[in-house]
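Participant: Just a sequence and a predicted model for now, questions to come.
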Amino acid sequence: MWSAGLCTVLSLAYVAAQLAEWAGLLGSAGGPHSRSTAVGLAVLLTPSLLLAISFVVLAVSIHRHAEAPVRIWSHLAVVFATMYATLVGIVYYVQLAFVLPRLARGDARGIELLIFEPFDSFLYAVDVFGYSLMSLATLFAAGVFRARGIARWIRRALVANGLLMPFLALQMYYPPLIWGGSLWAITFPAATWLLAIHFGRLQAH
């Protein structure tokens with residue numbers, strides 16, 4: 001319950017930060033193509049880093065909750081969630097601990113490869129691949145929830161998030177796909193919020 005709730009809060013914090021970034025409120029030129037400032041990186045990537053950790057805990061919680069016949073799906077979800085968290089965790093920690101201080105000093109010499117620039121940088125490619133793996137994790141996790149009631153809505157939300165994978169994985173080739181991928185701002189918090197309710201009910205019983 002707590003990991004699902006935390007994923008909901010952190011994902012919404014990231015969505016709010018991303019909207020502010022696209023509006024130019026965090027110092028960038030605005031829009032999805034602009035490079036973030038040091039402030040923008042801090043506001044965007046801090047909840048993103050914490051979300052990666054929380055999502056792994058949530059995936060393990062779903063696996064422990066799953067009944068034996070469907071544990072193959074939750075086990076795969078744990079594997080892909082771990083891969084996602086490892087990849088994006090490296091990206092975000094490098095940005096926050098190494099790139100951000102250099103940008104704040106106005107000295108980006110020698111770290112051009114590590115600059116996080118949408119659609120046109122090495123680490124952005126790693127990031128969107130990581131989120132593609134997250135989508136796979138939610139798609140497989142959906143196989144656990146086969147009952148009616150709230151489980152049906154959880155399954156639908158997880159599947160919807162999983163189906164966003166092409167919009168994430170192919171952004172480097174066709175940047176306008178980001179608008180389809182931005183539906184993550186709805187599908188992911190919806191899924192984790194429903195999971196928080198579900199686990200809360202289980203705990204109450």
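Facilitator: On my side now, so go ahead. Numbers count the residues shown, from 1 in each chain.

Participant: Please name every helix or strand in contact with the lowest-mean-pLDDT helix or strand in the chain.
Facilitator: Lowest on mean pLDDT, DSSP states H and E among the helices and strands of the chain sits helix 100-104, with a mean of 89. If you count contacts as 3 or more C-beta pairs under 8 Å, 6 or more residues apart in numbering; DSSP states H and E, helix 100-104 packs onto helix 38-65. Where C-beta positions appear, they are placed from N, C-alpha and C, glycine not excepted.

Participant: buried ones in the helix it packs on?
Facilitator: Buried positions in helix 38-65, judged by neighbour count with 16 or more other C-beta atoms under 10 Å: 38-52, 54-63.

Participant: ok now it, how far from the chain's centre?
Facilitator: In terms of C-alpha atoms, centre = their mean, to the nearest Å, the centre of helix 38-65 is set 7 Å apart from its chain centre.

Participant: ditto for stretch 155-172
Facilitator: So, by C-alpha atoms, centre = their mean, the centroid of stretch 155-172 is 11 Å from its chain's centroid.

Participant: One more: stretch 98-105?
Facilitator: On C-alpha atoms, centre = their mean, the centre of stretch 98-105 falls 24 Å from that of its chain.

Participant: now do stretch 138-147
Facilitator: Worked out by C-alpha atoms, centre = their mean, stretch 138-147 lies 18 Å from the chain centre.

Participant: average pLDDT across that stretch?
Facilitator: In this model, stretch 138-147 carries a mean pLDDT of 94.

Participant: cool, and stretch 63-83?
Facilitator: 95.

Participant: residues in contact with it?
Facilitator: 55-56, 58-60, 62, 130, 133-134, 136-138, 140-144, 146, 199, 202 (C-beta atoms under 8 Å, 6 or more residues apart in numbering).

Participant: Quick check: buried residues in that stretch?
Facilitator: Per 16+ other C-beta under 10 Å, stretch 63-83 contains these buried residues: 63, 66, 71, 73-74, 76-83.

Participant: what residues are up against A59?
Facilitator: 74, 77-78, 81-82, 137, 141.

Participant: Mind putting these into TSV with secondary structure and distance to I115?
Facilitator: Formatted as TSV, those follow (DSSP: H, G, I helix; E, B strand; the rest coil; distance: C-beta to C-beta, whole Å):
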residue	secondary structure	distance to I115
S74	helix	37
A77	helix	32
V78	helix	32
A81	helix	27
T82	helix	27
A137	helix	28
A141	helix	34
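
Participant: which residues touch F199?
Facilitator: 1, 4, 61, 65.

Participant: ok, 10 Å please
Facilitator: 1-5, 58, 61-62, 65 (C-beta atoms under 10 Å, 6 or more residues apart in numbering).

Participant: quick one on the thing from earlier: so which bits of the least confident helix or strand of the chain are buried?
Facilitator: 100, 102-103.

Participant: Contacts for that helix next, please.
Facilitator: Here helix 100-104 has contacts from 35-42, 45, 94-95, 107-111, 114-116, using C-beta under 10 Å, 6+ apart.

Participant: Fine, thanks again, bye for now.
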